[in-house]
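fold the following and give me the result.
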Amino acid sequence: MALRCLIVDDSPRFREEARRLLEQEGLSVVGVAASGDEALRLAKALAPDLALVDIALGEESGFDVARRLVDNSNAHPPSVILVSTYDEREFSGRIAASPALGFIAKTELSAQRIRGLLGD
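Modelled structure (predicted):
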């Protein structure tokens, strides 16, 4: 069964490019969200295995959205991986302190990298 993924990013272009790439690589993108509130609603309705969350969601912090997803989702919250165009070193302390499994640069996004962080 394919890994079920929710993409949370304020860029429509990135959401669609990531969806296309990940689906070609065997993941099932069950939803896309542009905001934290939309992500939380979709996570509750769709129960994804994984949420890819952009660190910078316009006016929102992806770190806050990650925490909300883990704290307020179904009995089995999604695993969270943070993504960004920024360098991981700029956020390493905040990434480590977050409930996220880790970080993937948007330019390095792939199903293989995701599975590596998930331990699959």
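
buried ones in the helix or strand of the chain with the lowest mean pLDDT, by neighbour count?
Every helix and strand in the chain was compared by mean pLDDT, DSSP states H and E; the lowest is helix 92-97, with a mean of 86. Going by neighbour count (16 or more other CB atoms under 10 Å), the buried part of helix 92-97 is I95. Any C-beta I mention is one placed from the backbone N, CA and C, and that applies to glycine too.

tell me what that helix is packed against?
Packing contacts for helix 92-97, counted by 3 or more CB pairs under 8 Å, 6 or more residues apart in numbering; DSSP states H and E, involve no helix or strand.

tell me how far that helix lies from the chain's centre.
Computed by CA atoms, centre = their mean, to the nearest Å, the separation of helix 92-97 from the middle of its chain amounts to 16 Å.

stretch 23-40 too?
Counting by CA atoms, centre = their mean, stretch 23-40 comes out at 8 Å from the chain centroid.

equivalent analysis for stretch 63-78, please.
Put simply, stretch 63-78 sits 11 Å off its chain's centre (CA atoms, centre = their mean).

so which strand or helix has the residue nearest the centre of the chain?
The centre of the chain sits closest to L52, judged by CA atoms, centre = their mean, with a distance of 0.9 Å. Assigned by DSSP states H and E, L52 belongs to strand 50-54.

dump that strand to PDB, restricted to CA.
Taking Å, rounded to 0.1, in the frame of the first residue of the first chain, the C-alpha atoms of strand 50-54 are listed here in PDB:
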ATOM      1  CA  LEU A  50       2.800  11.800   6.400                       C
ATOM      2  CA  ALA A  51       2.600  15.600   6.200                       C
ATOM      3  CA  LEU A  52       5.200  17.500   4.300                       C
ATOM      4  CA  VAL A  53       5.100  21.000   5.900                       C
ATOM      5  CA  ASP A  54       6.900  24.100   4.500                       C
END
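
for that strand, which outside residues touch it?
Contacts with strand 50-54, where a contact means CB atoms under 8 Å, 6 or more residues apart in numbering, come from 3-11, 14, 18, 39, 43, 62, 65-66, 69, 78-84, 100, 104, 109, 114, 118.

same thing but at 6 Å, please
Residues from elsewhere that reach strand 50-54 (CB atoms under 6 Å, 6 or more residues apart in numbering): 5-9, 62, 65-66, 69, 78-83.
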